[in-house]
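[1] Quick check, what structure comes out for this input:
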Amino acid sequence: MHRYKLALIPLALAAFSSTAASAQSFDWSGPYVGLNAGGLTDGRIRFDETTGELPNNTNALDQGLRPVENDLDTSGFVGGAQIGYNRQFEGSGAAFVLGVEADIAYVDSDETETLSNTTLIGPLGTPSTVPVTRINEYSGGLDYLGTVRARAGVAFDRLLVYGTGGMAYGRVKREVIFYGPNAPTEPYFAGSEADIQTGWTAGAGVEYALGPDSMFNVFNSQAVTLRAEYLHYDLGDTELDYPGVNGGATIGGYTSRVSTKGDLVRAGLNFKF
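    Below you'll find the model as predicted:
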C-alpha cells in the first residue's frame with residue numbers, strides 16, 4: 001500500500017505544477033494595438049494679452065469696443081487609434097509595468113463665438129451720446145490630437161493602474177475678425193492661422209485584461225484589454241496678428257497671444273500580441 005502511495009506522489013506533483021502554471025498572473029509584456037474614443041471635457045483656445053498697433057487700436061481695447069481676451073470652448077468628440085509596447089517586471093505581491101505608447105485621434109471641436117461690444121465712449125476715447133457697438137468674432141479648434149508617452153504602472157494580475165506622460169501634438173486652427181464700424185458685416189481687422197503645435201501631456205488610467213476567448217477578440221490575439229484614461233494636454237502659446245483690411249487697412253491692427261490646452265477623457269480597447 002505504501003508503494004502505491006509513493007507512486008502517486010510524482011503524479012500529484014505534476015498535477016499541482018500544471019494547475020499552478022494555469023493560475024499564473026497575467027503577463028502584460030508585449031506589443032499591442034487598439035482603438036479609443038472619448039471627449040475633450042475642458043478644451044480651451046484662449047486669446048489674451050491683446051495689444052493694438054496704433055493709438056486708435058489701443059483706445060478701442062481700453063474702452064471695451066474690442067476684447068482684450070476671450071476663451072473658446074473647444075470641447076468635443078475624440079476618436080482614434082494607439083500602438084504601444086509593455087514590459088512587465090515581477091515584484092513581491094504585484095508586478096511593475098513600463099511601456100511606451102503613441103496615439104493619434106480625430107477631434108471634432110470647432111467653435112465660433114461672436115461678441116457684441118457696446119460703450120458710450122468712442123474708439124478715440126471721446127464721449128459719445130449714441131451707443132457705439134463693434135462686432136468681434138473668434139473661431140478655433142483642433143483637427144487632430146496625438147501623443148507619444150511613457151507609461152509606468154502596477155499590475156495586480158489582470159488589472160493595471162498606471163501613470164503616463166510625454167509629448168502632445170495637434171493641428172490647431174485660430175481666427176479673429178473684428179467688424180465695423182461703418183459696415184457691421186465688413187471685416188476691418190482679420191487674421192487666421194492653422195499649424196501643428198507641440199507641447200506636453202500627463203495623466204493616468206486603469207486597464208483590465210480579458211481572456212483570449214473574449215467576444216471582443218476578433219483578431220485572435222493573446223488577450224484583449226479594456227481601459228479608461230484621463231490626460232491633460234498643453235500645446236503651448238503662439239501669437240496671432242490680425243491687421244487692418246478693407247476699411248481698416250490704414251488704421252493699424254491687433255496681436256493676441258493664443259494658448260491651447262484642455263482635458264481628455266476616453267475609453268480604449270487594445271489587442272495584445
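[2] Would you mind writing the CA trace of stretch 147-167 as CSV?
    Only the C-alpha atoms of stretch 147-167 are listed here, as CSV (Å, rounded to 0.1, in the frame of the first residue of the first chain):
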residue,chain,number,x,y,z
THR,A,147,0.6,61.9,-28.1
VAL,A,148,3.9,60.0,-27.6
ARG,A,149,4.1,58.9,-24.0
ALA,A,150,5.8,56.7,-21.4
ARG,A,151,3.7,54.6,-19.1
ALA,A,152,4.5,53.2,-15.7
GLY,A,153,2.2,51.3,-13.5
VAL,A,154,1.5,48.5,-11.1
ALA,A,155,-0.3,45.3,-12.2
PHE,A,156,-2.4,43.2,-10.0
ASP,A,157,-2.8,40.1,-12.2
ARG,A,158,-5.2,41.3,-14.9
LEU,A,159,-5.7,44.8,-13.5
LEU,A,160,-3.1,47.6,-14.4
VAL,A,161,-3.1,51.0,-12.8
TYR,A,162,-0.7,53.4,-14.4
GLY,A,163,0.5,57.0,-14.8
THR,A,164,1.6,58.4,-18.1
GLY,A,165,3.3,61.5,-19.6
GLY,A,166,5.2,62.7,-22.6
MET,A,167,4.8,64.9,-25.8
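[3] Any idea how many residues pack against Ile196?
    Around Ile196 there are 12 other residues, counting by other C-beta atoms under 10 Å. The way it works is simple: take the backbone N, C-alpha and C, and place the C-beta from them, glycine included.
[4] so which strand or helix has it?
    Assigned by DSSP states H and E, Ile196 belongs to strand 187-210.
[5] Centre of the chain to that strand, how far?
    Its chain's C-alpha centre and that of strand 187-210 lie 5 Å apart, by C-alpha atoms, centre = their mean, to the nearest Å.
[6] can you check stretch 198-217 too?
    Computed by C-alpha atoms, centre = their mean, the separation of stretch 198-217 from the middle of its chain amounts to 16 Å.
[7] so what's Asp73 up against?
    Asp73 makes contacts with Gly43, Arg44, Glu111, as judged by C-beta atoms under 8 Å, 6 or more residues apart in numbering.
[8] Now do the longest strand seen in the chain and strand 187-210, the angle between them.
    When the chain is scanned for its longest strand (criterion: DSSP state E), the result is strand 127-156. Interaxial angle of strand 127-156 relative to strand 187-210 (axes from the mean of the first three to the mean of the last three C-alpha atoms, to 10 degrees): 20 degrees.
[9] Tell me the strands beside the following helix or strand past strand 127-156, with direction?
    For strand 127-156, the following helix or strand on the C-terminal side (DSSP H and E) is strand 159-179. Counting by DSSP bridges, the strands paired with strand 159-179 are strand 127-156 (antiparallel), strand 187-210 (antiparallel).
[10] Can you give me the neighbour number for Asn57?
    Other residues lying near Asn57 total 24 when counted by other C-beta under 10 Å.
[11] typo on my end, Asp195
    Using other C-beta under 10 Å, Asp195 has 10 other residues around it.
[12] Distance-wise, check Gly38 relative to His232.
    Gly38 sits 13 Å away from His232, taking C-beta to C-beta, to the nearest Å as the criterion.
[13] which of those two has more neighbours?
    Under the criterion of other C-beta under 10 Å, the comparison of Gly38 against His232 puts Gly38 first, with 19 against 15.
[14] Spit out the contact partners of that one.
    Applying C-beta under 8 Å, 6+ apart, the residues near Gly38 are Phe77, Val78, Gly79, Glu229, Leu264, Val265, Arg266, Ala267.
[15] at 7 Å instead, please
    Going by C-beta atoms under 7 Å, 6 or more residues apart in numbering, Gly38 touches Val78, Leu264, Val265, Arg266, Ala267.
[16] Could you do Trp200 as well?
    So Trp200 contacts Met167, Ala168, Asp234 (C-beta under 7 Å, 6+ apart).
[17] burial measure for the first one, as a count.
    Here the count is done by other C-beta under 10 Å, and Met167 has 15 residues near it.
[18] Just to check, it is in contact with Thr198?
    Yes: Met167 lies in contact with Thr198 (C-beta atoms under 7 Å); the separation is 6.4 Å.
[19] In stretch 33-49, which residues are buried?
    Buried residues in stretch 33-49, counted by 16 or more other C-beta atoms under 10 Å: Gly34, Asn36, Gly38, Gly39, Leu40, Gly43, Arg44, Ile45, Arg46, Phe47.
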